[in-house]
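Colleague: need coordinates for the following:
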Amino acid sequence: MRNVSGLLFSGGLAFLLLVIATHLPFGQPLMLVGSDIIQASPHEVGSANVVAAILLAYRGIDTLGELSILFTAAAGVGLILGHRASQNVPPTQVKNNSGFISQKGIELMIPLLLVVGFYIIFYGHLTPGGGFQGGVILAIAFFLPVLVQSDARLDHNIISIIEGLAGAVFILIGLWAMFYERPFLQPFFNGLFAKGTLGELWSAGTLPLLYLALGLKVGAELAGLLATIADFSITETQGSLSEDDTQ
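Modeller: Numbers count the residues shown, from 1 in each chain. Down below sits the predicted model:
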């Protein structure tokens, strides 16, 4: 029965794709709105990276929804695993199998990852990258010591403060735009935050600030998520070691 269901689904999907393909005009662009955005975004937003203009200027509400999904996922993992990972685990009883080369290599990598992460965030409105990509790199930089040092822990309080402040700044900038009769979360241009010259670092109004808040929030959420999973793993390892000692 399972094979028959799979066959029916595959046949129905193939038929649907075939019907859609036969009704599409060949050689004509279908993304008319996308073409208009590509042409208008450098002048309306001042961002050389069209993807950044779309994420934060034309569909900022969707980006806020993506942040909400990431926050919900991190909070869910914290609620499920946090009650066990919060137990006091003596770190000396958990063996650290990383060697000297691994530890020193990660110590050299962390500053480099921080520089690269913030570079991608700050230049997200000019080059491919931005808050999501740079935030992931920052999260990795904060989490790497946990992989090689058994006594290393991320301070969840500091992570929570960074995450909360970044999210609040992101929302406040969106509300700030409404005072200048701009849509919520759409970058605006006023005074210090001018549109500037296309392709320069200080340009695109408040869009770089939105990207900075976005990157810090993503980095803090992912770092907290990884830290929670690591604490849970250490707790499980400690429990296994305790059972072995008892036996």
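
Colleague: tell me which element residue 104 falls in.
Modeller: helix 100-122 (DSSP states H and E).

Colleague: list the helices and strands that helix packs on?
Modeller: Here helix 100-122 is seen to pack against helix 131-148, helix 207-246 when contacts are counted using 3 or more Cβ pairs under 8 Å, 6 or more residues apart in numbering; DSSP states H and E. No exception for glycine: its C-beta is placed from N, CA and C like everyone else's.

Colleague: put the alpha carbons of that helix into PDB.
Modeller: Only the C-alpha atoms of helix 100-122 are listed here, as PDB (Å, rounded to 0.1, in the frame of the first residue of the first chain):
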ATOM      1  CA  PHE A 100      46.600  21.000  22.000                       C
ATOM      2  CA  ILE A 101      46.500  21.700  18.300                       C
ATOM      3  CA  SER A 102      42.700  21.800  18.200                       C
ATOM      4  CA  GLN A 103      42.600  24.200  21.200                       C
ATOM      5  CA  LYS A 104      45.200  26.600  19.900                       C
ATOM      6  CA  GLY A 105      43.800  26.400  16.300                       C
ATOM      7  CA  ILE A 106      40.400  27.500  17.600                       C
ATOM      8  CA  GLU A 107      41.900  30.300  19.600                       C
ATOM      9  CA  LEU A 108      43.400  31.600  16.400                       C
ATOM     10  CA  MET A 109      40.200  31.100  14.400                       C
ATOM     11  CA  ILE A 110      37.800  33.000  16.800                       C
ATOM     12  CA  PRO A 111      39.100  36.500  16.100                       C
ATOM     13  CA  LEU A 112      39.200  35.800  12.400                       C
ATOM     14  CA  LEU A 113      35.600  34.500  12.500                       C
ATOM     15  CA  LEU A 114      34.500  37.600  14.500                       C
ATOM     16  CA  VAL A 115      36.100  39.900  11.900                       C
ATOM     17  CA  VAL A 116      34.600  38.000   9.000                       C
ATOM     18  CA  GLY A 117      31.100  37.800  10.600                       C
ATOM     19  CA  PHE A 118      30.900  41.600  11.400                       C
ATOM     20  CA  TYR A 119      32.400  42.400   7.900                       C
ATOM     21  CA  ILE A 120      29.600  40.400   6.200                       C
ATOM     22  CA  ILE A 121      27.000  42.200   8.400                       C
ATOM     23  CA  PHE A 122      28.400  45.700   7.800                       C
END
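
Colleague: now do the buried residues in it.
Modeller: 106, 113, 116-118, 120-122 (16 or more other Cβ atoms under 10 Å).

Colleague: please apply the same query to stretch 173-192.
Modeller: 173-174, 176-177, 182, 185-189.

Colleague: what about it, start to end distance?
Modeller: Chord length of stretch 173-192, first to last residue, is 14 Å (Cα to Cα, to the nearest Å).

Colleague: check for me that residue 42 belongs to a helix.
Modeller: Yes - note on residue 42: a helix contains this position according to DSSP: H, G, I helix; E, B strand; the rest coil.

Colleague: adjust the sequence numbering to begin at 32 for everything that follows.
Modeller: Right, with 32 as the first residue, what we last looked at is residue 73.

Colleague: what is the burial count for the residue lying closest to it once chain neighbours are set aside?
Modeller: Using Cβ to Cβ, 6 or more residues apart in numbering and skipping residues adjacent in sequence, the residue nearest residue 73 is residue 229, 5.6 Å away. Residue 229 has 14 neighbours, counted by other Cβ atoms under 10 Å.

Colleague: hmm, residue 229 is touching residue 76, no?
Modeller: No - using Cβ atoms under 8 Å, residue 229 and residue 76 do not qualify as a contacting pair, with a distance of 9.6 Å.

Colleague: so, low pLDDT: which residues of this structure?
Modeller: Along the chain, the model assigns pLDDT under 70 to residues 32-33, 58-61, 113-129, 180-184, 264-278.

Colleague: run the last query once more with 50
Modeller: Low-confidence segments of the chain (pLDDT under 50): 116, 119-126, 272.
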